[in-house]
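**Q** sequence first, then the predicted structure, then my questions.
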Amino acid sequence: MAKTLGTYFETVRASRAWRSIFRSGRGGTRLHDVLAIQQNVFLHLFSAKARRRALDFSVTWYLGALTFGSFLILVITGILLMLYYHPSVPQAYADMKDLQFVVSSGVFLRNLHRWSAHAMVFLVFAHMFRVFYRGAYRPPREFNWAIGVVLLLLTLLLSYTGYLLPWDQLSYWAVTVGSNIASAVPVFGSKIRFLMLGGNLVNANALLRFYVLHCMILPLTALAFIAIHFWRIRKDGGLYAGAPPKPEAK
Ligand code: HEM
């Protein structure tokens, strides 16, 4: 069975259609491996070579990759949730109840989204502490640290904007408190609150704004910054694997 699958895969890889997409061919040499990465629009963000030591679990604890994994789960489950959700008052609340009691596997879908969101917030902080603990923020990686700070803020904003969408008491009061805190900013406070809510009250306008931010603006911005973050790791010479070992005394 495995042999049949292998042969089938080889036939596909040798086909003209496959070769028109993956131009590096199937030479099986180091050069072909490098070309396969460099010539793929998604893979070229990553480095074609890596120091073996940098791939050890103890170097990164895979926290950045796990953060990205939870982001991907959130995107997929978020798109599925959008199929059942209307960002209008009071329909939004009814949709959440339908997800709970009517939609097949709705509770699972909602909880997967919710728990992945909690996980992402935890993981992004853990990843940031790991980078700090190892000193991986130092030159030449200081720009990637700054990109990371933007990603941290985007993660928190994604969490916050998602909070209003169920349109229940918890959401309503959380956003009331949050927008009141924003209004305490000197000089521009009331303007910021107005901009956030699309008015002076937490109502249908606010729900629509939070929905567009949560489902479009923030995820797309995060995706763009994640792409820069990954590309930048390559440009900064790969992952920081610690100081090079000292030469042994003779
Ligand atoms: C959506 C959020 C984020 C994602 C998906 C993400 C993803 C990653 C991945 C996959 C790596 C390489 C592997 C690893 O270190 O685990 C990495 C490295 C790095 N990240 Fe992040 N990251 C995020 C947020 C942050 C934050 C908040 C900071 C700091 C404020 C940060 C700073 C860095 C730096 C400086 C590196 C290079 C570390 C090195 O060379 O060892 N990242 N990130």
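**A** Nice, thanks for sending it over.

**Q** ok, and the closest non-adjacent residue to the residue nearest the centre of the chain?
**A** Within the chain, one residue has its C-alpha closest to the average C-alpha position: by Cα atoms, centre = their mean, that is residue 71, at 3.4 Å. In space, not counting the residues next to it along the chain, residue 71 is nearest to residue 120; the distance is 6.1 Å by Cβ to Cβ, 6 or more residues apart in numbering. Every C-beta, even on glycine, is put in place using the N, C-alpha and C of the backbone.

**Q** element containing that neighbour?
**A** helix 106-134 (DSSP states H and E).

**Q** do that helix and the ligand meet?
**A** Yes: residues of helix 106-134 contacting the ligand under Cβ under 6 Å from any ligand atom: 124, 127-128, 131.

**Q** list the buried residues of that helix.
**A** Applying a neighbour-count criterion of 16 or more other Cβ atoms under 10 Å, the buried positions in helix 106-134 are 106, 109-110, 112-113, 116-117, 119-121, 123-124, 127-128, 130-131, 134.

**Q** residues from the chain in reach of the ligand?
**A** By Cβ under 6 Å from any ligand atom, the part of the chain that sits against the ligand consists of 60, 62-65, 67-68, 71, 124, 127-128, 131, 136-137, 141, 144-145, 148-149, 151-152, 155, 226, 229, 233, 239-240.

**Q** filter these down to the buried ones.
**A** 60, 63-64, 67-68, 71, 124, 127-128, 131, 136-137, 141, 144, 148, 151, 155, 226, 229, 233, 239-240.

**Q** in strands, which of those residues appear?
**A** For these, not one is inside strands, with DSSP state E as the criterion.

**Q** re the thing from before, got the contact list for the residue nearest to the centre of the chain?
**A** Applying Cβ atoms under 8 Å, 6 or more residues apart in numbering to residue 71 gives the contacts 120, 222, 226.

**Q** give me the distance between it and residue 179.
**A** Remark: distance between residue 71 and residue 179 (Cβ to Cβ, to the nearest Å) = 26 Å.

**Q** one more: residue 231?
**A** Using Cβ to Cβ, one gets 36 Å for the distance from residue 231 to residue 179.

**Q** more neighbours: which of those two?
**A** Taking other Cβ atoms under 10 Å, residue 231 and residue 179 do not tie; residue 179 has more neighbours (20 against 16).

**Q** these two touch, right, that one and residue 203?
**A** No: applying Cβ atoms under 8 Å, one finds residue 179 not in contact with residue 203, separated by 11.6 Å.

**Q** quick check: neighbours shared by those two?
**A** Here residue 179 and residue 203 share the contacting residues residue 197, scored by Cβ under 8 Å, 6+ apart.

**Q** can you report phi and psi for residue 137?
**A** Recorded main-chain torsions at residue 137 are phi -90, psi -10, according to degrees, to the nearest 10.

**Q** do residue 240 as well
**A** Per degrees, to the nearest 10, the residue geometry at residue 240, taken as phi and psi, is phi -80, psi 120.

**Q** wait, doesn't it sit right on residue 135?
**A** Yes: with contact taken as Cβ under 8 Å, residue 240 and residue 135 are classed as touching, separated by 7.4 Å.

**Q** burial count for residue 20?
**A** Using other Cβ under 10 Å: residue 20 sits among 8 other residues.

**Q** read off the pLDDT value for it.
**A** Per-residue confidence for residue 20 comes out at a pLDDT of 85.

**Q** show me the contacts for it.
**A** Contacts of residue 20 by Cβ under 8 Å, 6+ apart: none found.

**Q** tell me the phi and psi of it?
**A** phi -70, psi -30.

**Q** number of nearby residues for the residue lying closest to residue 197 once chain neighbours are set aside?
**A** Of all residues not flanking residue 197 in the chain, residue 206 sits nearest, at 4.2 Å (Cβ to Cβ, 6+ apart). The burial count assigned to residue 206 is 21, neighbours taken as other Cβ under 10 Å.

**Q** having no further points to raise, I will conclude here.
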